[in-house]
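Novice: Structure of the sequence below:
(2 chains)
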Protein chains: 2
Amino acid sequence: MPSIMAATAGRIVDIHTHMYPPSYIRILESRTTIPLVRSFPQTPDPRLILLEAEVESLEDAIKDPSAKPPGRPLTSHYASLEQKIHFMDTHKIDTSVISLANPWLDFLEPSESGPMAKSVNDEFSSMCEEHAGRVFFFAALPLTAPLETVLKSITHVKALRYCRGVILGTSGLGNGLDDPNLVPIFEALAAANLTIFLHPHYGLPNQVWGPRANAEYGHVLPLALGFPMETTIAVTRMYLSGVFDKVRELRMILAHSGGTLPFLAGRIESCILHDGQLVREGKAGKGRRTVWDVLKEQVYLDAVVYSEVGLKAAIEASGADRLMFGTDHPFFPPLTMDEQGEWESVSMNAEAVAKAVGGRSADAAGIMGSNAITVLRLDEDS
Amino acid sequence: MPSIMAATAGRIVDIHTHMYPPSYIRILESRTTIPLVRSFPQTPDPRLILLEAEVESLEDAIKDPSAKPPGRPLTSHYASLEQKIHFMDTHKIDTSVISLANPWLDFLEPSESGPMAKSVNDEFSSMCEEHAGRVFFFAALPLTAPLETVLKSITHVKALRYCRGVILGTSGLGNGLDDPNLVPIFEALAAANLTIFLHPHYGLPNQVWGPRANAEYGHVLPLALGFPMETTIAVTRMYLSGVFDKVRELRMILAHSGGTLPFLAGRIESCILHDGQLVREGKAGKGRRTVWDVLKEQVYLDAVVYSEVGLKAAIEASGADRLMFGTDHPFFPPLTMDEQGEWESVSMNAEAVAKAVGGRSADAAGIMGSNAITVLRLDEDS
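Specialist: Reported below is the predicted structural model:
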């Protein structure tokens, strides 16, 4: 595998890269429902089990010690900062903007989530200090806690030297991201100049994968389709709720190049223009800011789409100056090669960037690093 | 609105255009659950109510005569052949390959669906004879009937002079299109040289649209997102089940430019390569035919994606010689202009073709008509 990363001019920044700090792993180990970490006699590493689609196999594996447990091996890649730095060095990544992996703090009791957010964010902050300039972070918010606690948490992370935004799932306060009760949170984030990194976790209801999925298709359907569809639905609901107009300074990076938003934006616009109810209510007028406007003015996309076709669509939808490289480390490790070497999941995306920009080397440098440096102020020390 | 269609060189073919023959409308009028046609005191036209997402408002409108009924007005565009020909003339469409609109015969009792399929397909056949050379059709299959009935129906429609394929929803025999029991049907269709037109109807479970969708967003979410996501899931399940390898001569046109498949194909491939179970079972090997191969060898895409961004991705994924123009008539009529004039939903797609091909006029002529003429043998009279 040629090192596409070494051939890249300029600084390389990874804005889509996760960790579970040790305190968070301990919580997962104490749980009996997803998300959880559990050891099985049938596998050497404990298993990290996150998805609704994995629950059925979990029950099978508990009953039958010959059944393969679901989830993924919990390797040192998830919690070790040294491993993260090694991964960055291996892939010539200069700077990483790390974030808590899904499902963040979404499952915590209201009383637990405020203190846990503080602890996790302080832990991330310390990691960044250990490697000043190489590691920044997106904070986690205690969304199950009362509004006041969430707003306090925003004030707390805004003051942390290496925090550049927050990672957010699609459930919000439990009713999705088009919930009017989220507006004060979006306003506080915009006022604090904190960018939202929108990331999927919940996918789609299991039934859509059909009766064969669980036994025969591994994790492919919920991960390959459920995740990007969830992101697309969440951001379209936000758009329809008018929140991008209400909070004009809201800035949001969409995981996986927007899920499928660049491909579907045209259909969304056409469905709005042709919807009797929206036309009657004056919500389909031509003067309004379209999905395309939001894609070019308030949305950024990561470059984690694993193909030239997808990445070109993302660039055409949002502009080459709004795309940002990511790895999704520590997910998607190589299965047939050494985990300490180069990862194919990373080179697939780096190659997609090289191909999609053609000869436009400034665009390549932008996507691989300088866009993130500008947008997330990675050259500023506070 | 400039007539983009008039500026197109060569014959224009519309492969995505629906009708409900009068006998089918009568069935819908007799029903009390979706799909159904129902009159309301509050609107002049009867309403055509098709989607699970519309059921809640249906109940509201029955209880409260001031509430707006859901669905769409059942205008003459749905059942009148003369209206179809008028629409074709207005848009300079030379040839249409018409198909029964969703949900086809999916909801019929096993004993009803065989006779109804024969009746509907004969009715379509007569319409084509009335306008020989201008109208061809995709037949409907009685999928709720026993296998033998379905196979007999394939034999029947194969002999109909203007039949060029079958329209298929995603439920198959009730368990999706990755159902092994469908293989004999796919084999029979391939042997009969009948192309499948895969079309969505069921969307996604209502809960994914959130609590505000029904009251505030019209039909936008289920139509703009649910439909293409359903198609993508269905075809990905088919791919994972191996049916494209098992039935190597299977040919399938995917509605709405593949749903989102061109954009997500890279992620699907990456998820396969990184799936522990599939790797262990030898299903992720590099020698296998990838999703990209199937897109270029067995799949065609319509050009109904309403944007240059989406259409370019579709062309890059499948090739300009595999795209075929469509209108989705009689859905998405103009709401603020005369229904008898040019439709914006049509010109949006024609303009997307013109923009996406740039100066490549042979590609434009292919997508607007000649690809369909070749693939569906529209110059042959049987």
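Novice: residues touching residue A:108, list them.
Specialist: For residue A:108, the contact set (Cβ atoms under 8 Å, 6 or more residues apart in numbering or on different chains) comprises A:116, A:142, A:144. For every residue, glycine as well, the C-beta is placed using N, CA and C.
Novice: top of these by neighbour count?
Specialist: Using other Cβ atoms under 10 Å in any protein chain shown as the neighbour test, those are led by residue A:142, with 25 neighbours.
Novice: Now intersect the contacts of residue A:108 with the helices, please.
Specialist: Counting by DSSP state H, the contacts of residue A:108 place residue A:116 in helices.
Novice: export the contacts of residue A:108 to JSON lines and tack on distance to chain B and pLDDT?
Specialist: Shown next, in JSON lines, are these (distance: Cβ to the nearest Cβ, whole Å; pLDDT from 0 to 100):
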{"residue": "A:116", "distance to chain B": "26", "pLDDT": "95"}
{"residue": "A:142", "distance to chain B": "22", "pLDDT": "98"}
{"residue": "A:144", "distance to chain B": "18", "pLDDT": "97"}
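Novice: Residue A:361: which of the contacts of residue A:108 is nearest?
Specialist: Using Cβ to Cβ, residue A:142 comes nearest to residue A:361 of the contacts of residue A:108, at 42.8 Å.
Novice: Can you verify my assumption that the closest one contacts residue A:154?
Specialist: No - between residue A:142 and residue A:154 there is no contact under Cβ atoms under 8 Å: 10.1 Å.
Novice: and for the two, which residues touch both?
Specialist: Counting by Cβ under 8 Å, 6+ apart, residue A:142 and residue A:154 have no shared contacts at all.
Novice: Give me the number of neighbouring residues for the residue of the stretch 51-200 of chain A found nearest chain B.
Specialist: Closest to chain B within the stretch 51-200 of chain A is residue A:176: 4.2 Å, counting by Cβ to the nearest Cβ. Using other Cβ under 10 Å, the number of residues around residue A:176 comes to 21.
Novice: ditto for residue A:156
Specialist: Under the neighbour criterion other Cβ under 10 Å, residue A:156 is assigned a count of 17.
Novice: and what of residue A:146?
Specialist: Residue A:146 has 13 neighbours, counted by other Cβ under 10 Å.
Novice: Just the pLDDT for it.
Specialist: Residue A:146 carries a pLDDT value of 97.
Novice: likewise residue A:141?
Specialist: pLDDT at residue A:141 comes out at 98.
Novice: Quick check: phi and psi on it?
Specialist: Dihedral angles of residue A:141 (phi, psi; degrees, to the nearest 10) stand at phi -100, psi 150.
Novice: Please name the residues that touch it.
Specialist: The contact partners of residue A:141, by Cβ under 8 Å, 6+ apart, come to A:104, A:105, A:117, A:150, A:153, A:154, A:166, A:168, A:185.
Novice: Excluding chain neighbours, give the residue nearest to the residue in the stretch 151-300 of chain A that chain B sits nearest to in space.
Specialist: In the stretch 151-300 of chain A, the residue that lies nearest chain B is residue A:266 (2.5 Å; Cβ to the nearest Cβ). Leaving aside its sequence neighbours, residue A:266 sits nearest to residue B:307 (Cβ to Cβ, 6 or more residues apart in numbering or on different chains; 2.5 Å).
Novice: Pull the contacting residues for the residue lying closest to residue A:88 once chain neighbours are set aside.
Specialist: Excluding its sequence neighbours, the residue lying closest to residue A:88 (Cβ to Cβ, 6+ apart) is residue A:96, at 5.7 Å. Residue A:96 sits next to A:13, A:14, A:15, A:17, A:84, A:88, A:134, A:135, A:136 when contact means Cβ under 8 Å, 6+ apart.
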